[in-house]
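Visitor: Just the structure for this:
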Amino acid sequence: MSNETFNDSFLPSVEGQYQFDLAPKLKSERRINGINYQWPKFMNTVTIMGETEAKHSAGQFNSNLEAEKLALICSYQQCQSKTAPKCSRMLQPIGHCCEICGSMLRFRATLFNFDKFQKQVENYEKENRIVNKYELNIASLRIDHNDSLPQYQVVVLARQNATHPFDEQIYRSILKDLAGFVQNNYEVLHSMTVTEIEEIVSVDFHTLVKDDLILTLILLLAVGAVVIGVILTIRRNFDFTNFRGLSKQNSVYEAVHWRGAKTEDELELLRNEGSISNTIRDDVQNSSMNSASEYSSTFENIAFDEEIVDDIKEQ
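Guide: Numbering: from 1, shown residues only. Below you'll find the model as predicted:
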């Protein structure tokens, strides 16, 4: 960034206002929409000196990532992802005010040339056909506080106002290519310098539904297996002897009454009586006798009716 770009473009921005505090004699204050802005009184108030490229090859921490500053910056931004999500399992990278659909790679590395990596990412973003077709952006930054073991974050996300739907496989593919760039940018070749690698990818809605259906099917099969196992165990351990015997006792007790003139005869019948134990037979018979009145039928034979017989004789 040149001195002219910094003073004319970056310093008047909201981010520049909160990141830099000019000396009282070098600025004039203006209040716009409730915010006090500081404007430089002179040209090139701030001069960018910079340090050697070798010293910054590992990248530098952006102070805007501090919690208080980031919260203030995000207070001016409205998130649309909460009202119109395009994927499941959204993620919120460090430095982002809102949750997004995308993929992200975080890692710690020593002897890592971050500047070289960023240049490769810029060329990749310009030349890759899939990145341009799916309207993607790639953001990379150092997220630690200039620790001895630097930590980096690489995010693949959709460009602002992008119309192409989210595709999980595309985001995974781009992230895989970026991981290859990471491996190729160590200062010492074949050195074991990467630790704490974390990869996060959002999920398509249709992928989530398919996974839920598969999980539901597995649960149903598991429940069915448990139920069958319980039934087989009960059948093996429970004594069904008495129930088998009783199931064969389908004899029915019937009583037929013939009404005569002076006497009343009763005929008792037992039908379908099988070979059973005496105890069960007695119980069934006693039960049948007690309920005989409920299942008895009465038949009258007119041949034994005295009045009808006398009428016949007179004729």
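Visitor: just the strands in the protein please.
Guide: Ranges of strands in the chain, per DSSP state E, are 27-32, 35-40, 102-109, 136-142, 151-158, 194-201, 252-259, 264-271, 297-299.
Visitor: Report all helices and strands that the first one contacts.
Guide: When you say that, I think you mean strand 27-32. Applying 3 or more Cβ pairs under 8 Å, 6 or more residues apart in numbering; DSSP states H and E, one finds that strand 27-32 contacts strand 35-40. The C-beta positions use only the backbone N, C-alpha and C, and glycine is treated the same way.
Visitor: ok, residue 60 - how many residues close by?
Guide: Applying other Cβ atoms under 10 Å, we find 13 residues neighbouring residue 60.
Visitor: Ok, residue 16 next?
Guide: Residue neighbour count, defined by other Cβ under 10 Å, stands at 16 for residue 16.
Visitor: please renumber so the chain begins at 22
Guide: Noted, 22 is the first residue going forward, which turns the last one into residue 37.
Visitor: and it, what pLDDT?
Guide: Looking at residue 37, its pLDDT is 74.
Visitor: Am I right that it is in contact with residue 58?
Guide: No. With contact defined as Cβ atoms under 8 Å, residue 37 does not count as touching residue 58 (9.7 Å).
Visitor: Give me the average confidence score over stretch 113-121.
Guide: 91.
Visitor: Oops, could you answer that again for stretch 183-194 instead?
Guide: 89.
Visitor: Could you pull out the buried residues of that stretch?
Guide: Burial within stretch 183-194, assessed by neighbour count using 16 or more other Cβ atoms under 10 Å, is assigned to 187, 189, 191-192.
Visitor: do stretch 130-144 as well
Guide: Buried residues in stretch 130-144, counted by 16+ other Cβ under 10 Å: 130-131, 133-135, 138-139, 141-142.
Visitor: now, the most widely separated pair of those?
Guide: 131 and 142 (19.9 Å; Cβ to Cβ).
Visitor: circling back to that earlier point, let's see which of the buried residues of stretch 130-144 end up in helices.
Guide: Among the buried residues of stretch 130-144, DSSP state H puts 135, 138-139, 141-142 in helices.
Visitor: Could you export those as JSON lines, including pLDDT?
Guide: Formatted as JSON lines, these follow (pLDDT from 0 to 100):
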{"residue": "135", "pLDDT": "88"}
{"residue": "138", "pLDDT": "89"}
{"residue": "139", "pLDDT": "89"}
{"residue": "141", "pLDDT": "91"}
{"residue": "142", "pLDDT": "92"}
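Visitor: which one of those residues is nearest residue 33?
Guide: residue 139 (25.6 Å).
Visitor: ok, and the closest non-adjacent residue to that closest one?
Guide: Residue nearest to residue 139 in three dimensions, not counting chain neighbours: residue 161, with 5.9 Å by Cβ to Cβ, 6 or more residues apart in numbering.
Visitor: how much space is there between the one you found and residue 81?
Guide: Distance from residue 161 to residue 81, counting by Cβ to Cβ, to the nearest Å: 13 Å.
Visitor: Please apply the same query to residue 190.
Guide: Counting by Cβ to Cβ, the gap from residue 190 to residue 81 is 34 Å.
Visitor: And residue 30, by the same measure?
Guide: Applying Cβ to Cβ, the value for residue 30 to residue 81 is 20 Å.
Visitor: what's the answer for residue 187, then?
Guide: Residue 187 is 32 Å from residue 81, by Cβ to Cβ.
Visitor: Check residue 51 too.
Guide: 30 Å.
Visitor: Could you save the ones in helices among the buried residues of stretch 130-144 as CSV and add columns showing distance to residue 167?
Guide: Shown next, in CSV, are those (distance: Cβ to Cβ, whole Å):
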residue, distance to residue 167
135, 12
138, 17
139, 17
141, 23
142, 21
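Visitor: Good, we can wrap up now.
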